[in-house]
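Visitor: what's the 3D shape of this:
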Amino acid sequence: MNRSIQIHNHPFRFLLYLEWILLAISIITSVLPHPSPRFSSNFPELTIVCLTIFGLMGLRLPTGNKITKVIYTGCEIFLLFLTGLYGGRTARMFPFLYIILVTRSCLIFQFPGRLAVTFISFILFLLTLINRFPRPPLPPQAQDRFRFFTLSLALVFGLSLVFVLLLMNTVISERQSREELAIANEKLRQYALRIENQATLEERNRIAREIHDSLGHSLTALNLQLETALKLAQSNPEKAHSFLVRAKELGSKALQDVRHSVSTMRSHPLQDQSLAQVIDILAEDFQRSHGILLIRNISINYRLSNEVNTSIYRIIQESLTNISKHANASEVNLEMTINRGSLHLIIQDNGRGFDIQQNTTGFGLQSMRDRTLALGGKFTINSAIGCGCQITVDIPLGRLI
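Guide: The predicted structure is shown next:
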């Protein structure tokens, strides 16, 4: 806390009001006359000035520079020391004023500083108490009573200071914990919002890739077929008809791609099913739709979290989608095992491959890489033209199981 503590940002404003009440009682006590000269104020003006300055100092507590805090506290101690020496009957309020000093020190110092101010307050209280000892010699019995009373008063006051110190430490610590918790909750809310935005952006990119790779390609080919059919409509109607038939096939395929994409977005892949089961369903659909053989070797002996299961499923799904669209492969090998606390996934095809120096930044590959890194794993891709492609994913499970 670098800002000074003032009325508008005082953490415990009721303490400030309590200070004003005690100071007001002290000032009124110093002004009122007393029948005994022993308890009358020797310098009431000095007492009023000291208490007024002490009260005004409480309206602004330094919390930044250490030297400023020490000078500030030293001035407060000096003012209370003068009040204790010359306050007369006001000296009866002296312990309460030192309690105010301790509470203020708890707001501006750390625990060592608070402890030092508490100790100095107790020492100065004892000095003031000794200064007010009766000078004439007393009978032995009266001296014993007076010593017992003085010792009891000092002990009670010391315990009161310790109680106030511990109480303020507890209250301040609880307040700081609440503030830190509020800050942590706000950071967590902002982080969750960023994660949500990132997830939305990733899903938007995935949809954009789907549109570009499937629907965009089909609509482009459909447009070319229709343009050719229009050109041949007059000169060669039979050939134009064949182009229209092809255009209809492309339109049906585009519609099928749209339905497949919408179905994929709506459904959750792991509803009441294990990872091995949904991979089997995905493999059968892949083989039936594309005529590509998918050899599976899945050995999982642990129950994985939904986060891991979903990410692994999406990585496999994205890999098979890329293979069906770009690899021109006839066979795919999928191997997934858990060994030494890590999940190992290998997806390899016998397709035409590609140059990894020029083509590793597509939507699909980036999505798989991001999902792997989000789980603290390692994503590796190896490929060469004419040699197929191999994707390797290693995810340390640890607390993700």
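
Visitor: skipping its backbone neighbours, what lies nearest Asn297 in space?
Guide: Nearest-residue entry for Asn297: Glu335, 4.5 Å, with adjacent residues in sequence omitted and distances by Cβ to Cβ, 6 or more residues apart in numbering. Where you see a C-beta, it was placed from the backbone N, CA and C, and this is true even at glycine.

Visitor: in contact with the one you found, which residues?
Guide: By Cβ atoms under 8 Å, 6 or more residues apart in numbering, the contact list for Glu335 reads 296-298, 344-346.

Visitor: who touches the helix or strand Ile346 falls within?
Guide: Counting by DSSP states H and E, the element that carries Ile346 is strand 342-349. Residues from elsewhere that reach strand 342-349 (Cβ under 8 Å, 6+ apart): 304, 308, 312, 315-316, 319-320, 323, 327, 329, 331-338, 377, 388-397.

Visitor: output that strand as CSV, restricted to C-alpha atoms.
Guide: Taking Å, rounded to 0.1, in the frame of the first residue of the first chain, the C-alpha atoms of strand 342-349 are listed here in CSV:
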residue,chain,number,x,y,z
SER,A,342,2.6,-40.5,-20.1
LEU,A,343,0.2,-41.0,-22.9
HIS,A,344,1.8,-41.7,-26.3
LEU,A,345,-0.3,-41.3,-29.5
ILE,A,346,1.1,-42.1,-33.0
ILE,A,347,-0.9,-41.6,-36.2
GLN,A,348,0.9,-42.7,-39.4
ASP,A,349,-0.4,-42.9,-43.0
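
Visitor: buried by neighbour count, from the contacts of Glu335: which ones?
Guide: By neighbour count, with 16 or more other Cβ atoms under 10 Å, the contacts of Glu335 hold 344-346 as buried.

Visitor: which residue ranges form the helices in the chain?
Guide: Along the chain, counting by DSSP state H, helices occupy 13-31, 44-57, 66-86, 94-108, 111-131, 140-210, 216-232, 237-266, 275-290, 306-322, 363-374.

Visitor: where's the residue of the chain positioned farthest from its centre relative to Thr228, distance?
Guide: Distance from the C-alpha centroid of the chain, by Cα atoms, centre = their mean, peaks at Ser235 (71.5 Å). Between Ser235 and Thr228 the computed distance is 12 Å (Cβ to Cβ, to the nearest Å).

Visitor: and what of Ile123?
Guide: For Ile123 relative to Thr228 (Cβ to Cβ), the value is 104 Å.

Visitor: who's more crowded, these two?
Guide: In terms of neighbours (other Cβ atoms under 10 Å), Thr228 is the more surrounded of Ile123 and Thr228; the figures are 17 against 10.

Visitor: out of everything not next to it in sequence, what's closest to that one?
Guide: Nearest one to Thr228, counting by Cβ to Cβ, 6+ apart, is Phe243 at 4.9 Å.

Visitor: what is the neighbour count of that neighbour?
Guide: Phe243: 20 neighbours (other Cβ under 10 Å).

Visitor: what do you get for the one 4 residues further on?
Guide: Burial of Ala247, expressed as a neighbour count using other Cβ under 10 Å, amounts to 19.

Visitor: any idea how far it is from Gln225?
Guide: In terms of Cβ to Cβ, Ala247 sits 4 Å off from Gln225.

Visitor: Val102 now?
Guide: Taking Cβ to Cβ, one finds Val102 at 90 Å from Gln225.

Visitor: one more: Leu161?
Guide: Look at Leu161 and Gln225: by Cβ to Cβ, they are 93 Å apart.

Visitor: same deal with Ala199?
Guide: 38 Å.

Visitor: neighbour count: these two, which is higher?
Guide: The residue with more neighbours, out of Ala199 and Gln225, is Gln225; 21 against 10, by other Cβ under 10 Å.

Visitor: what's near enough to touch that one?
Guide: 243-244, 246-247, 250.

Visitor: shaky segments in the stretch 151-300 of the chain?
Guide: 206, 209-214, 216-217, 260-272 (pLDDT under 70).

Visitor: change it to 90
Guide: By pLDDT under 90, the weakly predicted segments of the stretch 151-300 of the chain are 151-161, 164-165, 167-179, 182, 184-292, 298-300.
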